[in-house]
Structure formats: C-alpha cells, structure tokens
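>>> Mind folding the following:
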Amino acid sequence: MTTAVSAPTATTDPVGDANDVTTTTADALARARRAPRRRRVAVVAVLLILLVALVLVRALLGDYRVSLPDAVRIIGGETIPGASFVLMESTLPRALMAVLAGAAFGAAGGAFQVMLRNPLASPDVLGITLGASAGAVVAVVVVGARGTTVTVAALAGAVLAAALILSQAGGRGGATGRMVLVGVALAAGLSAVVHWVLVRASIYQAQDALIWLSGSLNTVTWADIARLLAIDALLLPLLLALSGRLPVLGLGDDLAAGLGVRVGRLRVGVTVLVVALVAAATAVVGPVAFVGFLSGPVARRLVPGRPAVGVAALVGAVVVVGADHLAAYGIPGTALPVGVVTGALGAPVLLWMLRSRTTQEAR
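Next comes the predicted model:
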C-alpha cells in the first residue's frame, strides 16, 4: 500500500506583507524628504563658496592689487604703505557692504514675493524702496542731513509707504492683489515726489542725490557697515523664522486661519521686517535696482518648492558683490554706480519671467 505524500503548500502572512509595504513607503518618504534637504545644503554651500570668492576678488583685485598674505597681515594690524589704505578704506568696506546690503535686499524681496504669491512683486516695485528713497532725499536735500539722520529718514519714509499699502489693501481674501495694485500706484507717486525735490535742489545737491539714487557704494564707511551688520544680524533670523509659515497663505486666508495661522499678524510682521531691512540698506547704498526682484525667482529655481528666503539673501549678496566689481572695472576708465549694472540685469530677467509665465499658461 502506497502513501501519497502531499506537496508543501505556500502560506501567506498578511501582517508581514503589510509591514513590508509600510516599511517601503516610509523609506520612500524619507528619501523624498532627504533629497530636497541635500539639494538645499548643496546650493547653500555653492553660493557661500561663490560669495567668498567674489569678496576676495572685489577686495584684492582692482587698480591696486593686494596679495592674500598681505591682506591677512593688514587685517591683523600690520601697516603696509599703500596697500593698507586701499584695502581698509576702499575695496574691503565696499565688498562687505555689498554683502550686507545684497543680503538685506535679497531676503526682503524673496519674502515679499512669497507672501504676496506674485513673483513680479518686490519692495522696489511696490514703493517701499521708493518710500525710503523719498525720505532720504528729502533729508539730504532739504535738511542737509548726513549719517544716522538719513537712515532714520529713510526708515520713516519706508514705514509710511508700507503703512499706506497695508491700510489700503483691505482685509481678507483679495488683500494680496490689492497690496500689489496700491504699491505700484504708490511707487509712481513717490517717484514724482523724488523728482520734484531734485528739481528744487541746487546742482551740487542734485548731483549727489542722483548718484545715491542710482545705488552706489562709493561713500561706504566702517560705521555704516557696523550699523547695517547689527540690523541684518537682528532682523534676518526673524524673517527666516517667519518665512516658514508663508506658504500656508497660498491656501487662502480662511484655510490658513483654520490651520492656526494668524494671517493678519503674519502679514504685518513680515512687512515690518521687510521695511526695516530695505530702509536700512537703502539709507546707506541707495535704492540698488532689481536686487530684491532678481533674488527671489533665482532662489526658487535653485531650491524649488520652498520659501528659500535664506537662499534669496545669498543670491542677493552674490549679485551685488559681482555687480559692484563689474561696475568698477567692466568698462575701462569708467566707474559706474552698482545700481546701473543691477538695473541692466533686471530688465532681461523680467522679460524672461514674463515669457516663462506665458509659456506655462499656454500649456
């Protein structure tokens, strides 16, 4: 009698399969989260290296070239005839101020564009920079002010411009759209005020004011650097902290409020920080054109899907340092204000952005 031997049957473990699926999903989510973080770290590292390289080029390579070992000795306190004066009174202050002003303009522009959900919006387009310019020009031409008084006047002008924009923008829902419209209209009016003050000024006052209005680093002092460094060190971390909540505003004010975001306070807080940064930088170097406008879109291309206000600050610093060196030595025998170069860069970028948006809408 033969006994039939049955073949072993495969058994399934539903619990084990479910755990495998869960583990696989968790790994995929972890990898998806790590990829943007690695990209952000790489972008920040590259921008920092580029910024340091540009600062060294701007500080050491010019009409009078200073070697790196000599620069280290000069910064350490040693006096080298000729080289010490050029480095410590001309090229190094300009390079450091370009970093501080560019970071302030870049971060302010990036934050404003995220808050208003409009890549074409920036403090220089919406009248805040012109408010600071109007306050500073009135102080310089009418009162004859210098130094800290000009900074206070620029801050007052920017605050008044921002207060007018916020008061006329309205409340919930369409506030961001109204802010853009009011800002553009205010910019036109403030531009007329600036030109009216210049018409009434003497030829010497008007010449000084026009150079300042073009955006210039020619008269930077170490006191200016210390003042703007303190402002940047205080306000930039606060702006970075608030910027993490800005994308929620893209869901609409009602839904953002339902998620626990105090929309009005967030919008006012970001605006106050942007105004202070723009006014402080504008009071020292003038309204350097299109830096805030350029930095945000470039930062979003480098780090997509995030507010990237910190990256925008680095982009702004790189743009201003590079533009200042190009303005000084791009045309032999001619030194241009840095704002002329940044303005020339802003026009093609604006056309490129408009073309990109038109192409996306067509698709």
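
>>> From here on, just use CA atoms for contacts and neighbour counts.
Will do.

>>> Would you mark the buried spots in stretch 234-244?
Judged by neighbour count (16 or more other CA atoms under 10 Å), stretch 234-244 contains these buried residues: 235-236, 239-240, 242-243.

>>> Apologies, that question was intended for stretch 54-71.
In stretch 54-71, counting by 16+ other CA under 10 Å, buried: 54-60, 66, 70-71.

>>> With secondary structure and distance to residue 93 as added columns, please give the residues you listed in CSV.
Converted to CSV, the buried residues of stretch 54-71 look like this (DSSP: H, G, I helix; E, B strand; the rest coil; distance: CA to CA, whole Å):
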residue, secondary structure, distance to residue 93
54, helix, 14
55, helix, 10
56, helix, 12
57, helix, 13
58, helix, 10
59, helix, 8
60, helix, 12
66, coil, 15
70, helix, 17
71, helix, 13
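
>>> tell me the two of those that are most distant?
54 and 70 (18.0 Å; CA to CA).

>>> just to revisit the earlier point, how about TSV for the buried residues of stretch 234-244, with distance to residue 311, secondary structure and pLDDT added?
Formatted as TSV, those follow (distance: CA to CA, whole Å; DSSP: H, G, I helix; E, B strand; the rest coil; pLDDT from 0 to 100):
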residue	distance to residue 311	secondary structure	pLDDT
235	16	helix	93
236	12	helix	93
239	13	helix	91
240	10	helix	90
242	15	helix	85
243	12	helix	82
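
>>> Most widely separated two among those residues?
Maximum distance among those (CA to CA): 12.1 Å, for 235 and 243.

>>> got a list of what the most centrally placed residue in the chain touches?
Computing the C-alpha centroid of the chain and ranking residues by CA atoms, centre = their mean puts residue 106 first, at 0.9 Å. Going by CA atoms under 8 Å, 6 or more residues apart in numbering, residue 106 touches 291-296, 309, 312-317.

>>> Okay, it and residue 286: tell me how far apart.
Separation of residue 106 from residue 286 (CA to CA, to the nearest Å) stands at 15 Å.

>>> worst-scoring helix or strand of this protein, pLDDT-wise?
helix 253-258 (a mean of 66; mean pLDDT, DSSP states H and E).

>>> Just the ones of the contacts of residue 106 in helices?
291-296, 309, 312-317 (DSSP state H).

>>> Could you tell me how many residues sit around the nearest residue in space to residue 300 that is not next to it in sequence?
Excluding its sequence neighbours, the residue lying closest to residue 300 (CA to CA, 6 or more residues apart in numbering) is residue 308, at 6.4 Å. Neighbour count of residue 308, defined by other CA atoms under 10 Å: 27.

>>> rewinding a little: between the buried residues of stretch 234-244, which is nearest residue 280?
The closest of the buried residues of stretch 234-244, once distances to residue 280 are taken by CA to CA, is residue 235, at 10.8 Å.

>>> The residue nearest to the centre of the chain in helix, strand or coil?
Under DSSP: H, G, I helix; E, B strand; the rest coil, the three-state class of residue 106 is helix.

>>> so where's the chain uncertain?
1-35, 147, 169-177, 249-260, 305-307, 353-354, 356-363 (pLDDT under 70).

>>> how about the strands in it?
Using DSSP state E, no strands are found in the chain.

>>> mind checking the backbone torsions on residue 144?
phi 80, psi 30 (degrees, to the nearest 10).
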